[in-house]
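Enquirer: Provide a 3D model corresponding to the input given below.
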Amino acid sequence: MAFEDFETKESVVLVYTGEGKGKTSASLGLLVRALGNRWNVAFIQFIKYWGVGEHVFIRDIMPLFKDQLHFYKGGKGFYDAGELSQAQVTPEQHKQAALETYTEALRCVSSGDYDLVICDEINNAVHDGLLSEDQLEALLEARAPQTSLCLTGRDFPKSLLDRVDIATNMTKIKHHFDDKFLANKGIDF
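Expert: Sure thing, here's the model as predicted:
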């Protein structure tokens, strides 16, 4: 195979989905690579409102990257997940938070100001009914031509696979949560 026959796309849509661990971690690796290439990056998080390691890291590096890095933390945590969900958050509050986060993602992806927009856990918001597949499709359609878009979370809609360039399914082989062990700081969050 001769690489001189290959072309480069101006931008791509990436999806990290599946039941396995590593979707957010992969998107953070993408963020590091993009910033290392001096790209403007927006990291929009849809579910995790609680303090996690990536929030601390992103907030710590934001002064270094100034206007090159935009971070938006939306969402109200796990939705309809039993004991893992916050009891005092109503379904309406979850939907409102998802809509506000979606509005920010739509602004970033359509603005042309960013080389990469990462929508972490947006697939979960769609699967849980906090956002619609139509809204996800509208996000894809609104993408500025030079803006790459990364969508993470479980259950990416198969009906939209033809709209993406790279899709990776994180397959769980084993996870200690199934044996009733909680997430480990520094590894899982």
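
Enquirer: am I right that Gln146 is in a helix?
Expert: No. Going by DSSP: H, G, I helix; E, B strand; the rest coil, the assignment for Gln146 is coil, not a helix.

Enquirer: and it, its phi and psi?
Expert: Backbone torsions for Gln146, taken as degrees, to the nearest 10, come to phi -90, psi 0.

Enquirer: give me the below-cutoff pLDDT ranges for this structure.
Expert: By pLDDT under 70, the weakly predicted segments of the chain are 1, 49-50, 77-87.

Enquirer: Thr101 touches Lys48, doesn't it?
Expert: No. Applying C-beta atoms under 8 Å as the test, Thr101 and Lys48 come out as separate, 11.0 Å apart. All C-beta atoms are positioned from the backbone trio N, CA, C, and that covers glycine.

Enquirer: could I get the full set of strands for this structure?
Expert: Ranges of strands in the chain, per DSSP state E, are 13-17, 41-45, 69-73, 116-120, 148-152, 166-169.

Enquirer: just send those strands back as CSV, with distance to Asp128 and mean neighbour count too.
Expert: Formatted as CSV, the strands of the chain follow (distance: least, C-beta to C-beta, whole Å; neighbours: other C-beta atoms under 10 Å):
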stretch, distance to Asp128, mean neighbour count
strand 13-17, 14, 22
strand 41-45, 15, 25
strand 69-73, 18, 19
strand 116-120, 15, 27
strand 148-152, 14, 27
strand 166-169, 19, 14
